[in-house]
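**Student:** For reference, the sequence and a predicted model appear below.
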Amino acid sequence: MAHLSEAEIQTLIGLIELADPITTPNNNGYAFYPKTMSEAKKYFRRFALDWHEGYGLLEKQACVVKSENMYSLTALGKEVANKLRQERPPIFYWHKEYYLAVKHSKAHAEYCKRLFGRNLSQDGFSDMEQLHILLNKFNVGSHSKILDLGCGDGKIAEFFSDATGGIVYGMDYIWGDENCPKCPKNNPPGNIPLEKSL
């Protein structure tokens, strides 16, 4: 299948949500089992696009068929849509929205500094005292290799790297270049090789 645009991806996920809805963990505000296209669009939060372009492109790729002013998924479309929905559960768009917002929010930066002791893009976890306890308990130093599972935008992994001189790997199943300034293509040579999980 050719590279899909975001409009095509959203169209496929929206149609599969209407045709064959499922419940996924960590939905962060998305109401499952939508009954209308408007409800299905809530899956994508503020990133929801106009899907009209997507329908035409997907019809050319035999992923959707039009019948009486309605589109439905073909067998190929269902297969692709299910894979996309697995790769991009509702939390994918919540995560994207969250890290985009905190990247530019002075209020969130101040909130983190006051509540957690430092702005590492936290949301209800890991204040500086807890992070130092973790490093001390496991005797982490320049000899160490650290894996930060669920690293988000990589700021806590970067803190671990700076504090210890160790090699830090960050993995997150929700990923995007706008979320992580330490992604390999944006990362100058250094000791924080954050990687996308497979």
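**Tutor:** Yep, it's here. Numbers count the residues shown, from 1 in each chain.
**Student:** Roughly how far does the residue nearest to Gly150 when sequence neighbours are not counted sit from Ala40?
**Tutor:** Distances taken as CB to CB, 6 or more residues apart in numbering place Asp172 nearest to Gly150, at 5.7 Å, with adjacent residues excluded. To be clear about C-beta, it is placed using only N, CA and C from the backbone, and glycine gets the same treatment. Asp172 sits 25 Å away from Ala40, going by CB to CB, to the nearest Å.
**Student:** confidence score at Thr164?
**Tutor:** Reported pLDDT at Thr164 in the predicted model: 93.
**Student:** Give the burial count for it, as a bare number.
**Tutor:** 18 (other CB atoms under 10 Å).
**Student:** List the residues that contact it.
**Tutor:** Leu135, Val140, Gly141, Ser142, Ser144, Ile146 (CB atoms under 8 Å, 6 or more residues apart in numbering).
**Student:** give me every residue that touches the closest residue to Asp20 other than its chain neighbours.
**Tutor:** Nearest residue to Asp20, sequence neighbours excluded (CB to CB, 6+ apart): Lys78, at 7.3 Å. For Lys78, the contacting residues are Ile16, Ala19, Asp20, by CB under 8 Å, 6+ apart.
**Student:** tell me which of those is nearest to Gly124?
**Tutor:** Nearest to Gly124 among the contacts of Lys78: Ile16, at 31.3 Å, using CB to CB.
**Student:** Wait, that closest one touches Arg85, no?
**Tutor:** Yes. Under the criterion of CB atoms under 8 Å, Ile16 makes contact with Arg85 at 5.7 Å.
**Student:** picking that back up, are any of the contacts of Lys78 buried, and which?
**Tutor:** The neighbour-count test (16 or more other CB atoms under 10 Å) marks Ile16 as buried among the contacts of Lys78.
**Student:** among the contacts of Lys78, which are in strands?
**Tutor:** Using DSSP state E, the subset of these located in strands is empty.
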